[in-house]
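task: produce atomic coordinates for the following.
(chains A and B)
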Amino acid sequence: MKTATSIESRGFVRFRTVFLIVFGLICLAPIAWMLLASFKTNIDIYDPSSTFSFSPTLKNYVSVFAQADFLQFFINSLVIGVGSTALSLLIGVPAAYSMQRFGMVKSSGMILLSRVIPHVTLLVPWYFIFASMRMVGGYSSLIISHMFIAVPLIVWVMIGVFEGVPEELEEAARVDGLTHIGAFRRIVVPLVVPGIATSSILSFIFSWNNFVFALVLSGNDTRTLPVAIFNFIGYASIDWGALMAACVSITAPMIVMALLGQKYVVAGMTAGAVKG
Amino acid sequence: MSTALTSRRRAPWQGFSDWANRHRKWVLATPAIVFVIALMVLPLLYTVVLSFTDAEGSIQRAFDFVWFENYLSILSDTERFWPAVWRTAIFTAVAVALEMTIGTAVALLLRRPFLGRGVIRVIMLLPLVATPVAVAMMWLLIFEPTVGFANQLLGWLGIPAQGWISDPSTALPTLMLVDVWQWTPMVILILLAGLVGLPEEQQEAARIDGASSWQRFWHVTLPMLKTTVIAALLLRSIDAMKTFDLLYVTKGTGGGSAHEVETLNIYAYALSFDYNEYGMAAALVLLYFLLIVIVLAVLTVRRKEAQR
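Numbers count the residues shown, from 1 in each chain, chains lettered A, B, ... in the order given. Modelled structure (predicted):
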């Protein structure tokens, strides 16, 4: 700590302060603008003099949530996000454990490939396969498509996590008479709970934010929030106030999640990039 | 110690459980591997087959093999394909270059703990987790020519209003800026994670030797950070080449003649789902995927070299 302060000159600290304030403002301002607009009437949005001085109204939010559909879309996003995350954990965590413990990390190249492949490459075949199984428009095709992102993500994060759990701990437990499964459940699982939190949060965020899969695979009843707000535009004139209220409503849960699970989100976003 | 016990209550499933235990390496890994292969490798093979056919319209309709015709007509298409390749390359190169430069600078400023560092780190997360479709809508309003905040800001500075996204000549650069806004924090987070492990002794030694801060950055910090920098570059380049939500939501597939932000991804989507030219689309997405794999391979090799 002492050397750290001695490296930083007064000028550097001043420069840093100014630079970071500007940087922080640039990160925040657009989101603040969206938030402001969501509380404005369209008259205020179209009036340059009422940029910051206007009487806030909840009318946009009321009109968004008054549409019965919006709640349905909210539930759809929730069902698909929770469903795909839970199922992906179920197959992804054991796979990561096995790949890490039994030296299959190299063969997990398929994970990298699934990260690289443009989703539009898969959409046509998926669409036909799901259509032939009459799954288009149902939850199942959406959950499966979102799992395609979540499973590799979970495997990737969890391989790193299992690396941090020494095998000796498990061996000791086995010497003490636990079975493989017992050792896994009682010794390993408790130690990897933070890793599971990381991958669950990240997987849910990716599912919630995903647009293109639901754009192609959802039906009227299974539309997710991003597709729903996309359908807001395309009319002759845009109801900006309501649109921004809808955008705030869909983004807010993700922002709350990021604020509460800060540590986990950062861990997940940078997983694998540093050592890999 | 428990042989007597287990043999006494040996259940019918015990045989399976023994087998599963012996082969647990594969029992645990197989479901995930099969899942990903089924959803990726099989569709890719299907796409390869499609790319050799004249499939279009309804997929139930019979199609003929035309072999390399689709590839030839795409590669000779100077109206939409090559401009899309060009736009994808420009969008990726410019946006990622800006993200890497700004990202490295901010990461270095955030390297050591100080008051307010935590706040900045939380603020940075917001662009990363915000729903891309909502982000695109938000910027549409900000860049709206008559009521948008961007032109209001230019007005305060005495600069004439711009068309931004609505103007074909500035649409792509404007959307690059949005990409920079959204993804620079990712570069910062990755570099910060890389900086954590770096020893400070060399820094200190170089400083005592009279190296300027720029020299210390260029000759001491950057070489040590090289693999992390390439990792961030790799991740961002590939994702930037795949940008879809932002471009599609702000400009759609541009129907008619407005293709000013049509990258390979957007063109592939249009061919598949607007024109239903499945054979052609399949050939296009495979060429596009090949391009991404090449970029991935080049950067991965560079990274391996840097690690040595």
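
residue nearest the centroid of the chain?
Since you didn't name a chain, this refers to chain A. residue A:205 (1.7 Å; Cα atoms, centre = their mean).

wait, chain B was what I had in mind.
residue B:239 (0.8 Å).

what's the distance between that one and residue B:110?
To residue B:110, residue B:239 is 22 Å away according to Cβ to Cβ, to the nearest Å. (C-beta placed from N, C-alpha, C; glycine too.)

try residue B:217
Relative to residue B:110, residue B:217 is positioned 14 Å away (criterion: Cβ to Cβ).

and residue B:260, by the same measure?
Taking Cβ to Cβ, one finds residue B:260 at 36 Å from residue B:110.

cool, and residue A:18?
14 Å.

neighbour count: these two, which is higher?
Neighbour count, other Cβ atoms under 10 Å in any protein chain shown: between residue A:18 and residue B:110, residue B:110 has more, with 22 against 10.

and the more buried one, what pLDDT?
Looking at residue B:110, its pLDDT is 92.

just checking, next helix/strand downstream of the host helix or strand of residue B:82?
Assigned by DSSP states H and E, residue B:82 falls within helix B:81-109. Moving toward the C-terminus from helix B:81-109, the next helix or strand (DSSP H and E) is helix B:117-129.

next helix or strand past that following helix?
Following helix B:117-129 toward the C-terminus (DSSP H and E): helix B:132-142.

elements contacting that next one?
helix A:10-38, helix A:225-230, helix A:240-260, helix B:149-156, helix B:171-196, helix B:245-251 (3 or more Cβ pairs under 8 Å, 6 or more residues apart in numbering or on different chains; DSSP states H and E).

got the contact list for that helix?
With contacts defined as Cβ atoms under 8 Å, 6 or more residues apart in numbering or on different chains, helix B:132-142 is touched by A:30-31, A:33-34, A:37, A:45, A:209, A:211, A:226-227, A:229-230, A:232-233, A:240, A:243-244, A:246-248, A:250-251, B:127, B:147-150, B:165, B:178, B:182, B:245-246, B:249-250.

by how many degrees do it and helix B:117-129 diverge?
Relative orientation of helix B:132-142 and helix B:117-129, computed by axes from the mean of the first three to the mean of the last three Cα atoms, to 10 degrees: 100 degrees.

quick check: angle from helix B:132-142 to helix B:149-156?
Computed by the same axes, to 10 degrees, the angle between helix B:132-142 and helix B:149-156 is 30 degrees.

quick one: helix B:132-142 to helix A:240-260, angle?
Orientation check (the same axes, to 10 degrees): helix B:132-142 against helix A:240-260 gives 130 degrees.

can you list the buried residues in helix B:132-142?
B:132-142 (16 or more other Cβ atoms under 10 Å in any protein chain shown).

same thing with stretch A:181-201?
Under the neighbour-count criterion of 16+ other Cβ under 10 Å, stretch A:181-201 has A:183-184, A:187-188, A:192, A:195-201 buried.

re the thing from before, for the helix holding residue B:82, what is the distance to the chain centroid?
In terms of Cα atoms, centre = their mean, to the nearest Å, the centre of helix B:81-109 is set 11 Å apart from its chain centre.

can you check stretch B:198-211 too?
Distance, stretch centre to chain centre, for stretch B:198-211: 35 Å (Cα atoms, centre = their mean).

go on, stretch B:179-188?
On Cα atoms, centre = their mean, the centre of stretch B:179-188 falls 11 Å from the chain's centre.

pull that stretch out as PDB, backbone CA atoms only.
Output of stretch B:179-188 as PDB, limited to C-alpha atoms (Å, rounded to 0.1, in the frame of the first residue of the first chain):
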ATOM      1  CA  ASP B 179     -20.800  -0.800 -29.300                       C
ATOM      2  CA  VAL B 180     -17.900   1.000 -27.700                       C
ATOM      3  CA  TRP B 181     -20.100   2.400 -25.000                       C
ATOM      4  CA  GLN B 182     -21.500  -1.100 -24.200                       C
ATOM      5  CA  TRP B 183     -18.400  -3.200 -24.400                       C
ATOM      6  CA  THR B 184     -15.400  -1.100 -23.300                       C
ATOM      7  CA  PRO B 185     -16.300  -2.100 -19.700                       C
ATOM      8  CA  MET B 186     -15.800  -5.800 -20.600                       C
ATOM      9  CA  VAL B 187     -12.200  -5.000 -21.800                       C
ATOM     10  CA  ILE B 188     -11.600  -3.100 -18.500                       C
END
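
can that stretch be said to contact chain A?
Yes: with Cβ under 8 Å from any Cβ of the partner chain as the measure, stretch B:179-188 is seen reaching chain A through B:181, B:185-186.

among these, which one has the most neighbours?
Neighbours here mean other Cβ under 10 Å. Within the residues of stretch B:179-188 next to chain A, the largest count is held by residue B:185, at 25 neighbours.

ok, the nearest residue to that one once chain neighbours are set aside to residue A:209 distance?
Once flanking residues are discounted, residue B:185 sits nearest to residue B:124: 3.9 Å by Cβ to Cβ, 6 or more residues apart in numbering or on different chains. Counting by Cβ to Cβ, the gap from residue B:124 to residue A:209 is 17 Å.

and if you look at residue B:236?
17 Å.

would you check how far apart residue A:163 and chain B are?
15 Å (Cβ to the nearest Cβ, to the nearest Å).

excluding residues flanking it in the chain, which one is nearest that residue?
residue A:100 (5.9 Å).

ok, which stretches of the stretch 51-200 of chain A are helices?
Under the criterion DSSP state H, counting those that start in this stretch, the stretch 51-200 of chain A contains helices at A:59-66, A:68-101, A:109-116, A:119-132, A:139-163, A:167-175, A:180-183, A:189-209.

could you dump the ones you listed to TSV with mean pLDDT?
TSV is the format used below for the helices of the stretch 51-200 of chain A (pLDDT from 0 to 100):
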stretch	mean pLDDT
helix A:59-66	91
helix A:68-101	93
helix A:109-116	80
helix A:119-132	92
helix A:139-163	94
helix A:167-175	87
helix A:180-183	81
helix A:189-209	95
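
residue A:138: what's it in contact with?
Residue A:138 neighbours (Cβ under 8 Å, 6+ apart): A:219, A:222.

test my guess that the residue nearest to the centre of chain A contacts residue A:254.
Yes: contact criterion Cβ atoms under 8 Å: residue A:205 and residue A:254 qualify, at 5.8 Å.

any shared contact partners between the two?
Residues touching both residue A:205 and residue A:254 (Cβ under 8 Å, 6+ apart) are residue B:129.

how about low-confidence regions in the stretch 151-300 of chain B?
Across the stretch 151-300 of chain B, the stretches falling below the confidence threshold (pLDDT under 70) are B:253-258.

rewinding a little: pick the most deeply packed of the helices of the stretch 51-200 of chain A.
helix A:139-163 (a mean of 23; mean count of other Cβ atoms under 10 Å in any protein chain shown).

verify the stated contact: residue B:190 with residue B:231.
Yes: Residue B:190 lies in contact with residue B:231 (Cβ under 8 Å); the separation is 6.5 Å.

for the closest residue to residue A:181 other than its chain neighbours, what are its contacts?
Distances taken as Cβ to Cβ, 6+ apart put residue B:21 closest to residue A:181, at 7.7 Å, once the chain neighbours are dropped. Residue B:21 makes contact with A:179-181 under the criterion Cβ under 8 Å, 6+ apart.
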